[in-house]
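> okay, sequence plus prediction incoming.
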Amino acid sequence: MNIRGYTYLVIMGSVLVFFYGCAGYGKITARPWGETVTVGELAKTSEKYDISYSDQWPTTYPACFIFDPKGDGRTLIGDTWIRIEDPERIPEMISWISSFSRSYPTVQRVFGPDDQFYGFLYCDGDYRTVAKVVDQNTIYVFRPFKAWSDR
């Protein structure tokens, strides 16, 4: 086999490893075109969701919220997420992101690798997170991290 054949094999092997490695991750995306969900709408219908937040380490201000729909058979979990038990605190806590954010907070959707919808993520624009599949009904959402180190 010549050098061209080996190069082809290496490239194809790398592509396969990449796709196999990404198979266990969920997707966190902005809203699809034409569909708009606001954090205000999510807060008003908070009884439909299990809501958790993760703070902006080292402060205790929320950086992101998870809105996990109740009764859909799918769950969003994470070790650093704190469940909000008092629904009356939700609007106040959500307003903290707007008050302390230096960028535009957004509502994003969390999907599994099979494109099944798992819930919403409302996050300070400076923060990102990663979602990893635990099993066919559970996605683990990691602690948010600051996306821009120069801010």
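In hand now; what should we look at?

> low-confidence bits of the protein, can you list those?
Applying pLDDT under 70 to the chain flags the ranges 1-23, 30-35, 56-60, 100-102, 148-151.

> just give me the neighbour total for Cys123.
By other CB atoms under 10 Å, the residues close to Cys123 number 24. Bear in mind the C-beta positions are built from the backbone N, C-alpha and C, glycine included.

> you'd agree it is up against Pro144?
Yes - Cys123 lies in contact with Pro144 (CB atoms under 8 Å); the separation is 6.4 Å.

> what residues are shared contacts of these two?
Residues touching both Cys123 and Pro144 (CB atoms under 8 Å, 6 or more residues apart in numbering) are 63-64, 129.

> redo the residues you listed as TSV? Include neighbour count, distance to Ser95 and secondary structure.
Compiled in TSV, the shared contacts of Cys123 and Pro144 are given as follows (neighbours: other CB atoms under 10 Å; distance: CB to CB, whole Å; DSSP: H, G, I helix; E, B strand; the rest coil):
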residue	neighbour count	distance to Ser95	secondary structure
Ala63	26	14	strand
Cys64	25	14	strand
Thr129	22	21	coil
